[in-house]
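> Sharing a sequence plus its predicted fold:
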Amino acid sequence: MIKGMVVAAGSAATLAAGQVASPSPAQAQARGVGVKDITPTDEEYFIPDRFKGKTLLVTGCARGMGAAAALRAAREGAAVVGVDWIEDLGRATIERIRARGGQATFLHGDIAESAVCERMVRIAVESYGKLDMALNNAGVMDGVFSGDAPDYARQRELIFAPLHEASDAYFDNVLRTNTTGMFRSLRAELKQMVAQGTGGAIVNVGSIAGMTGLAGNPAYVASKHAVNGLTRNAAIDYAPYGIRVNSVNMAATDTPMVERAGILVAEAARASSGVGMGRIKIDSLLSYTDSRKRPSTVAEQVSVMLFLLSAEASNLTGGLYATDGGWTAY
């Protein structure tokens, strides 16, 4: 039973011969599932022309949420500049946009480097005339290059661990991408938006780890708290310029990074000398009650990101949105 969850029991329905009975609410709750699964956002859903005439910068465009956001925003009319340190997959995302008739440019680089951040903004302006929106999505959960396959034995010094077992290299690498990279991305984007004088919208990708804690991954937790701190600071400082800044904070989402983390969590737990608290809470409300125990989908997350970037969210800034299926509700 999850904390604070109640599903009302109903009387059993009488079924005609040959019918298959659906579980009653009481039966479903006893099995640890809900009565009705929520249908996820259609992966092909988009709003035509919502971003027509706008330029969007997406960091971490190679796969997962960044790739999906770039593709959908382009379908909605945006010109897209995609940035990633995984060159082949990043270019593939941009080529998919172009193949559909969209406007898109790729930059291979590491957003922890100031020169890369300055160049990505310069490309947006030189290619499409301006920068209207930014999705700062690039991030890591451990200190290993994202394009490398997980290999705990070889990569152990760069993998998450409780504080007393964590290495400097792991902590430094995670903070370099998630915190320093976010700072340098924001700095370059905001400098351009201020100079343009036409406002703008920025969404930073955080995590539930930046709103609560997350066992066994101190660098990720620290870095995502920093993302949310930078989000609020930027929202305050740049509201007078008409620039909105928000963050989205998801729990388990069906992305390559989370898949990789799942593999490494089991290895790290076996290797740790501590008692561990890693499974004290593993499900969001919606995952717990779903018959398939599904995580959030990429399309569900992207829908919120693009909403926050759009004119429909004109009154929203400084928000740390828990796009977590109810994880932080209990």
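Arrived safely, thanks for sending. Residues are numbered from 1 along each chain as shown.

> Below-threshold pLDDT in this structure: ranges please.
1-34, 268-269, 271-280 (pLDDT under 70).

> so what's the most centrally placed residue in the chain bridging to?
Of all residues in the chain, the one closest to the mean position by C-alpha atoms, centre = their mean is V205, 4.8 Å from it. Beta bridges link V205 to V248 when assigned by DSSP bridges.

> And V83, how far from A134?
Going from V83 to A134 by C-beta to C-beta, to the nearest Å gives 10 Å. C-beta here means a position set from N, CA and C on the backbone, and glycine is covered the same way.

> Mutual contacts of those two, please.
Common neighbours of V83 and A134, using C-beta atoms under 8 Å, 6 or more residues apart in numbering, are L57, V58, T59.

> What's the PyMOL line that selects buried ones from these?
Buried members of these, defined by 16 or more other C-beta atoms under 10 Å, are picked up in PyMOL with:
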select buried, resi 57+58+59
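
> ok, the shared contacts of V83 and A134 vs A74, which is closest?
Taking C-beta to C-beta as the measure, A74 lies nearest V58 of these, at 9.8 Å.

> Which residue ranges of the stretch 151-300 of the chain form strands?
In the stretch 151-300 of the chain, the segments counted as strands under DSSP state E, counting those that start in this stretch are 200-205, 243-249.

> need those in TSV with distance to A99, can you?
TSV is the format used below for those (distance: least, C-beta to C-beta, whole Å):
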stretch	distance to A99
strand 200-205	26
strand 243-249	28
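
> out of those strands, nearest to F145?
Closest among the strands of the stretch 151-300 of the chain, using C-beta to C-beta: strand 200-205, at 18.7 Å.

> helices or strands next to that closest one in the packing?
Counting contacts by 3 or more C-beta pairs under 8 Å, 6 or more residues apart in numbering; DSSP states H and E, strand 200-205 packs against strand 133-136, helix 181-196, helix 218-238, strand 243-249, helix 298-309.

> Apply 7 Å and report the result again.
For strand 200-205, the elements it packs on are strand 133-136, helix 181-196, strand 243-249, helix 298-309, judged by 3 or more C-beta pairs under 7 Å, 6 or more residues apart in numbering; DSSP states H and E.

> Just want the angle from the third one to helix 181-196.
Just to be clear, that refers to strand 243-249. Taking axes from the mean of the first three to the mean of the last three C-alpha atoms, to 10 degrees, one finds strand 243-249 and helix 181-196 inclined to each other by 160 degrees.

> and strand 243-249, what other elements does it pack with?
Applying 3+ C-beta pairs under 7 Å, 6+ apart, we find strand 243-249 packed against strand 200-205, helix 218-238, helix 298-309, strand 320-322.

> Next, the buried residues of the second one.
Okay, so that is helix 218-238. Those would be 218-232, 234-235, 238, for helix 218-238 by 16+ other C-beta under 10 Å.

> got the residue ranges for the helices in the protein?
All helices of the chain, identified by DSSP state H, fall at 25-30, 64-75, 87-99, 114-128, 152-155, 168-175, 181-196, 218-238, 256-271, 285-289, 298-309.

> if we look at the third one, which residues are touching it?
Helix 87-99 is contacted from outside by 61-63, 67, 70-71, 74, 80, 82, 84, 104-106, 108, using C-beta atoms under 7 Å, 6 or more residues apart in numbering.

> Just put those in TSV and tack on neighbour count and distance to F307.
What follows is the contacts of helix 87-99, written out as TSV (neighbours: other C-beta atoms under 10 Å; distance: C-beta to C-beta, whole Å):
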residue	neighbour count	distance to F307
C61	33	19
A62	26	23
R63	20	22
A67	27	18
A70	32	16
L71	24	16
A74	26	16
V80	30	17
G82	30	20
D84	30	23
A104	26	21
T105	20	24
F106	24	25
H108	15	29
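
> quick one on the thing from earlier: and the helices and strands packed on strand 243-249: which comes nearest T39?
Nearest to T39 among those is helix 298-309 (10.4 Å), distances taken as C-beta to C-beta.

> and that closest one, what does it pack onto?
Identification of packing neighbours for helix 298-309 by 3+ C-beta pairs under 7 Å, 6+ apart yields helix 64-75, strand 133-136, strand 200-205, strand 243-249.

> Just name the most buried of these.
strand 133-136 (a mean of 28; mean count of other C-beta atoms under 10 Å).

> got a list of what the residue lying closest to N173 once chain neighbours are set aside touches?
Spatial nearest neighbour of N173, excluding adjacent residues (C-beta to C-beta, 6 or more residues apart in numbering): G143 at 3.2 Å. Neighbouring residues of G143 by C-beta under 7 Å, 6+ apart: L158, A169, Y170, N173, V174.
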